[in-house]
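1. Pasted the sequence and its predicted model underneath.
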Amino acid sequence: MTRIITSFIDGEFQPAEGARLFDKRSPVDGRVIARIAEAPQAEVDRAVRAARAALRGDWGRMTVEQRAAMLHAVADEITRRFDDFVEAEMADTGQPSHVMTHVFIPRGAANFKIFADVVKNVPTESFRMDTPDGRGALNYAIRKPKGVIGVICPWNAPFLLMTWKLGPALACGNTVVVKPSEETPLTAALLGEVMAKVGVPKGVYNVVNGFGPKSTGEFVTTHPQVDAITFTGETRTGTAIMKAAAEGLRDVSFELGGKNAGIVFADADFDAAVDGIFRSAFLNTGQVCLGTERVYVERPIFERFRDALKAKVEAVRYGRPEDHASTYGPLISQEHRDKVLGYYQRAVDEGATVVTGGGVPDMPADLKGGCWVQPTIWTGLSDDASVVREEIFGPCCHLRPFDSEDEVVALANDNVYGLSTTIWTQHLARAHRMAERIEVGITWINSWFLRDLRTPFGGSKQSGIGREGGVHSLEFYTETRNVCVKL
Ligand SMILES: NC(=O)C1=CN([C@@H]2O[C@H](COP(=O)(O)OP(=O)(O)OC[C@H]3O[C@@H](n4cnc5c(N)ncnc54)[C@H](O)[C@@H]3O)[C@@H](O)[C@H]2O)C=CC1
Ligand SMILES: O=C(O)/C=C/C=C(\O)C(=O)O
């Protein structure tokens, strides 16, 4: 029988009777793997009420030490149920097991631990001031939870990105109403079981499922009792959520789209650069906001680099995620596949040379219903082609030669987005110089997606608002108040 996923509110999964259900299909073969109950306004109201009540209950009374211990217990329970999380995330996304076991699920557990430790160790400022009577006064700051946080999640790295928000939100003493992507509801539901098992008080973690506009997502973001909203996803959606948050002057933290540049100099460690760009363009079937869709290669090595990248791309092994031989998965949905294939066609219309890929692979009969596309490399497009300017969010990149540092910095910056860049060179002084000039939230030098969770993470320009990570997350998830004591 097909499993039904319902909302998790006030510590309990809601009954499915009478709910409006929609199908969750496997990206691998198109089978219905679960039916999801869309939470109507009344259910979102209940979730928000539960979250508000929890702020005043046991959760609100816990010491920082107690909260931190509880989050460590959550992380430990995730690790204990590691295989269940891997299985759920593979079912939702279709991505190979090694991506789940090495990146996405361990990061989910780490996201709780790191912020539990941050809140225990971060000081607040204090200032002693002079007063006319000579006795002085002491100012010190205290941090308070912001309240109920609306957490709106994308589908591309569901567990990692959801817990990246939950870890600091809960560590700071907030409560949450999470809206997972309609494409990937499974790990958020599983986390409900974990929260209940380790005794996180009821109402602290609530999950409501559904769509975005005119559905559950909008009910959360427009809810007047939601105090702040954190969101990862498309820039256009961020704009809609920001409009909703303006009502009631609620704070937002956004990580949005990217059209990131990869830059390879002729002096780079060639094999490492090919490997790094390959990962940055094709990991997770290119569905990573930090991924590289524009690759600039210094002219003397352009052809050699193109051929080496092509060889790597043509060696990917399509297959089911649980098959350990698979290195490459499907896109998330047929809708997203149509979008990506639309860009594949547009690239040709705009005059691209297709180096490899550009279409749909011939899959065995049992996988034909899946959302498969070929990993694709283009050359020869002009800098204003839509495929070079717009975020595709698929397994594809355009390679273009460059001749000078100034030229490539200008090319990298010539975009509305500013999320990340990856630079490959052995000339570290040049790399540092470029990192100062490229307008992005994170520059990787001779690496990509190497994440230290203490560092500020977020996007410049239209790639985001605010920074999360380490102490920076506390800026969003707490309100800092000043206390002034006359001595
Ligand atoms: N930069 C990134 O990290 C990501 C970018 N994308 C891009 O976004 C495109 C569309 O993917 P989607 O998952 O549909 O992204 P999206 O931005 O539309 O949706 C992300 C989340 O926001 C919710 N949502 C959508 N509209 C909303 C609204 N008006 N109010 C409240 N919640 C709302 C969705 O239900 C989902 O949970 C992709 O093709 C890709 O280009 C998608 C996921 C992540
Ligand atoms: O490592 C992080 O904290 C964030 C990673 C972001 C993505 O993978 C994404 O949004 O695609």
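-> Arrived safely. Everything numeric in this text was worked out from a predicted model, so none of it was measured. Ligands and ions are numbered 1, 2, ... in the order given.

2. Against ligand 2, how distant is the residue nearest in space to the middle of the chain?
-> Centroid check for the chain by C-alpha atoms, centre = their mean gives Leu161 as the closest residue, at 4.0 Å. For Leu161, the distance to ligand 2 (C-beta to the nearest ligand atom, to the nearest Å) stands at 6 Å. All C-beta spots, glycine's among them, are computed from the backbone N, C-alpha and C.

3. which residues touch the closest residue to Tyr205 other than its chain neighbours?
-> With C-beta to C-beta, 6 or more residues apart in numbering as the criterion, Tyr205 has its nearest non-adjacent residue at 4.6 Å, and that residue is Met195. Listed by C-beta atoms under 8 Å, 6 or more residues apart in numbering, the contact set of Met195 reads 11, 74, 204-205.

4. Return the per-residue confidence for Pro321.
-> pLDDT recorded at Pro321 is 97.

5. Now do the same contact list for it.
-> Counted by C-beta under 8 Å, 6+ apart, Pro321 has contacts 28, 90, 93-97, 100, 329.

6. which residue ranges form the helices in the stretch 101-250 of the chain?
-> Listed in chain order, the helices of the stretch 101-250 of the chain (DSSP state H, counting those that start in this stretch) span 105-121, 158-171, 186-198, 216-221, 235-246.

7. Equivalent analysis for the stretch 251-400 of the chain, please.
-> Secondary structure of the stretch 251-400 of the chain (DSSP H, counting those that start in this stretch): helices at 270-282, 302-314, 334-349, 386-389.

8. any idea which of these is most buried?
-> Each of the helices of the stretch 251-400 of the chain was scored by mean neighbour count; the highest is helix 270-282, a mean of 21, by mean count of other C-beta atoms under 10 Å.

9. got the angle between that helix and helix 302-314?
-> Helix 270-282 runs at 60 degrees relative to helix 302-314, counting by axes from the mean of the first three to the mean of the last three C-alpha atoms, to 10 degrees.

10. quick check: mean pLDDT across helix 270-282?
-> Mean pLDDT, computed over helix 270-282, is 98.

11. Next: stretch 99-107.
-> The predicted model gives stretch 99-107 an average pLDDT of 96.

12. Show me what counts as buried in it.
-> 99-101, 103-107 (16 or more other C-beta atoms under 10 Å).

13. give the contact list for the residue in the stretch 51-200 of the chain that ligand 1 sits nearest to.
-> Closest approach of the stretch 51-200 of the chain to ligand 1 (C-beta to the nearest ligand atom) occurs at Pro154, with a separation of 3.4 Å. Residues counted as contacts of Pro154 (C-beta under 8 Å, 6+ apart) are 161, 181, 232-233.

14. What residue, apart from its backbone neighbours, is nearest it spatially?
-> By the measure of C-beta to C-beta, 6+ apart, the closest residue to Pro154 outside its immediate chain neighbours is Gly233, 4.4 Å from it.

15. what about the one you found, how many neighbours?
-> When neighbours are counted by other C-beta atoms under 10 Å, Gly233 registers 22.

16. And for Thr232?
-> Thr232, neighbours per other C-beta under 10 Å, totals 25.

17. Check the gap between the residue nearest to it when sequence neighbours are not counted and Ile114 for me.
-> In this structure, Thr232 finds its nearest non-sequential neighbour in Glu255, 4.4 Å apart by C-beta to C-beta, 6+ apart. Glu255 sits at a distance of 17 Å from Ile114 (criterion: C-beta to C-beta, to the nearest Å).

18. just Phe211 next, same as before
-> For Phe211, the distance to Ile114 equals 32 Å [C-beta to C-beta].

19. Compare those two (neighbour count), which wins?
-> Between Phe211 and Ile114, counted using other C-beta under 10 Å, Ile114 has the larger neighbour count: 22 against 15.

20. Run through the stretch 201-350 of the chain and note the low-pLDDT ranges.
-> Low-confidence segments of the stretch 201-350 of the chain, defined by pLDDT under 70, are absent.

21. Looks like Ala39 contacts Ala47 (just checking).
-> Yes. Using C-beta atoms under 8 Å, Ala39 is in contact with Ala47, at 7.4 Å.

22. and for these two, which residues touch both?
-> With C-beta under 8 Å, 6+ apart, Ala39 and Ala47 have common neighbours 7, 208.

23. quick revisit: just the buried subset of the contacts of Pro321, written out for ChimeraX, thanks.
-> Those of the contacts of Pro321 that count as buried under 16+ other C-beta under 10 Å are selected in ChimeraX with:
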select :28,90,93,94,95,96,97,100,329
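
24. Mark which of the contacts of Pro321 are part of helices, please.
-> If you go by DSSP state H, the contacts of Pro321 have 90, 93, 97 in helices.

25. List the residues that contact Glu255.
-> Glu255 makes contact with 231-232, 289, 419, 457-459, 463-464, 468 under the criterion C-beta under 8 Å, 6+ apart.

26. Near ligand 2, which residues of this protein are found?
-> By the rule C-beta under 6 Å from any ligand atom, the part of the chain lying against ligand 2 is 156-157, 161, 164, 232, 288-290, 451, 457.

27. Count the residues that sit near the residue nearest to Asp227 when sequence neighbours are not counted.
-> Leaving out its chain neighbours, the residue that sits closest to Asp227 by C-beta to C-beta, 6+ apart is Gly147, at 3.4 Å. Neighbour count for Gly147, taken as other C-beta under 10 Å: 17.

28. let's have the chain start at 37 instead
-> Noted, 37 is the first residue going forward, which turns the last one into Gly183.

29. Show the pLDDT at the residue located most distally from the centre of the chain.
-> Residue distances from the centre of the chain (C-alpha atoms, centre = their mean) peak at Asp169, which lies 53.8 Å from the mean C-alpha position. Each residue has a pLDDT score; the one for Asp169 is 98.
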